[in-house]
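1. Generate a structure from the sequence data that follows.
(one chain, ligands or ions: 1)
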Amino acid sequence: MAIISRPLLLSVLLLGGTEVLGHRHGTSSVPLHGTLAGPSIAINSVPPTVRENWVRRANAALAEAGEPCMFAAFASAIVNHTASTAGELVCTGINSTRQKGDPTLHGEIAAIQNCTAILTDPTGPYNLTGSQALAAFADLTLYTNAESCPMCASAIRWAGFREYIYGTSIETLIEQGWGQIRIPSIDIVRESADLSNPVRLLGGVLSTETDPLFSWQFDSSAPCPQGCVRPAEGGSCVAPSL
Ligand SMILES: [Zn+2]
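-> Numbering: from 1, shown residues only. Got it, this is the predicted structure:
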């Protein structure tokens with residue numbers, strides 16, 4: 001005891017006091033950074049099977065566009081769950097950067113643009129003004145088969161979606177060889193708390209079906225996604241020729 005100096009003894013006591021205070025207020029030592037609700041949880045009363053079907057619907061947009069075995073197989077679906085738990089599709093979008101020559105046309109951006117066109121179409125089912133269309137995003141859910149890059153996650157926040165649901169994580173994309181800007185969506189959500197509309201974030205939904213869409217591009221030994229084949233060893237997965 002005699003060898004512990006007074007300032008050190010004071011530090012030990014303060015540390016002990018902090019720990020006690022923490023327990024009293026119920027603080028946990030588990031870090032919350034990066035924690036997401038599990039994909040099997042019913043967020044906003046929407047059952048997980050319904051979530052999975054909408055991620056599946058986003059995947060289906062690839063085949064609808066004639067690109068079932070697309071290299072950059074990033075696809076989104078934008079859905080209205082406010083009228084019914086089952087949800088109503090408003091629009092889809094797939095990565096169109098190469099087709100359009102626009103580096104910002106990731107699947108989410110393409111979907112947002114498609115929805116805006118549909119919502120404001122004077123001959124369409126919604127016929128909204130620009131202001132009304134902007135406000136409508138607060139009622140919508142964006143489903144994407146892979147976690148959004150920071151550009152798209154920011155666009156999701158600027159749009160004010162009420163929910164943002166993804167399949168494959170950025171972490172998995174990086175492990176599979178995809179070049180990514182390494183900022184997870186949960187960081188974008190946390191850092192955008194000043195924006196007016198809150199968003200619920202749910203990840204890893206149907207990842208058993210979305211992961212295979214992104215695992216073959218940089219690994220020639222990986223199986224092709226369902227319905228796609230590698231005609232040449234080491235080559236790309238493509239739709240089987242008829
Ligand atoms: Zn993106």
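2. Do a quick rundown of the strands in the protein.
-> 75-80, 88-94, 140-146, 163-168, 200-202 (DSSP state E).
3. Spell out which parts of the chain neighbour the ion.
-> By CB under 5 Å from the ion, the residues of the chain that approach the ion are His106, Cys149, Met151, Cys152. Where C-beta positions appear, they are placed from N, C-alpha and C, glycine not excepted.
4. The last one: what's it in contact with?
-> Right, Cys152. Counting by CB atoms under 8 Å, 6 or more residues apart in numbering, Cys152 touches His106, Gly107, Glu108, Ile109, Thr144.
5. Swap in 7 Å and give it another go.
-> His106, Glu108, Ile109 (CB atoms under 7 Å, 6 or more residues apart in numbering).
6. cool, and the third one?
-> The neighbours of Met151, taking CB under 7 Å, 6+ apart as the test, are Thr104, His106.
7. how close does it sit to Pro103?
-> Distance, Met151 to Pro103, by CB to CB, to the nearest Å: 9 Å.
8. for the second one, same thing?
-> Applying CB to CB, one obtains 11 Å for the distance of Cys149 from Pro103.
9. Looking at those two, which one has more neighbours?
-> The neighbour count for Cys149 versus Pro103, taken as other CB atoms under 10 Å, is higher for Cys149 (22 against 9).
10. Ile181 is in contact with that one, correct?
-> Yes: the criterion here is CB atoms under 7 Å, and Cys149 meets it with Ile181 at 5.6 Å.
11. if we can go back for a sec, who wins on neighbours among the contacts of Cys152?
-> Most crowded among those, counting by other CB under 10 Å, is Glu108 at 30 neighbours.
12. any weak-confidence spans in this structure?
-> Residues of the chain that meet the criterion pLDDT under 70 lie in 1-32, 242.
13. what's near enough to touch Pro212?
-> Contacts for Pro212 were tallied using CB under 7 Å, 6+ apart; they are Pro223, Pro225.
14. wait, I meant Leu142
-> By CB under 7 Å, 6+ apart, the contact list for Leu142 reads Ser76, Ile78, Glu108, Ala111, Ile156, Phe161, Tyr164.
15. could you redo the last one with a cut-off of 6 Å?
-> With contact set as CB atoms under 6 Å, 6 or more residues apart in numbering, Leu142 has these partners: Ile78, Ile156, Phe161, Tyr164.
16. just Cys237 next, same as before
-> Shown in contact with Cys237 (CB under 6 Å, 6+ apart): Cys69, Trp216, Cys224, Cys228, Arg230.
17. That one: what's its closest spatial neighbour, skipping adjacent residues?
-> Distances taken as CB to CB, 6 or more residues apart in numbering place Cys224 nearest to Cys237, at 3.6 Å, with adjacent residues excluded.
18. In contact with the one you found: list those residues for me.
-> So Cys224 contacts Trp216, Arg230, Cys237 (CB under 6 Å, 6+ apart).
19. do you know how far the last one is from the ion?
-> So the one you mean is Cys237. According to CB to the ion, to the nearest Å, Cys237 and the ion sit 22 Å apart.
20. how near is that residue to Gln99?
-> According to CB to CB, Cys237 stands 19 Å off from Gln99.
21. what does the first one give?
-> Between Trp216 and Gln99 the distance, using CB to CB, works out to 21 Å.
22. which one of the two has more residues nearby?
-> It is Trp216, of Trp216 and Gln99, that has more neighbours when counted by other CB under 10 Å, with 21 against 12.
23. Thought Gln226 was touching the more buried one, still the case?
-> No: using CB atoms under 6 Å, Trp216 makes no contact with Gln226, being 11.5 Å away.
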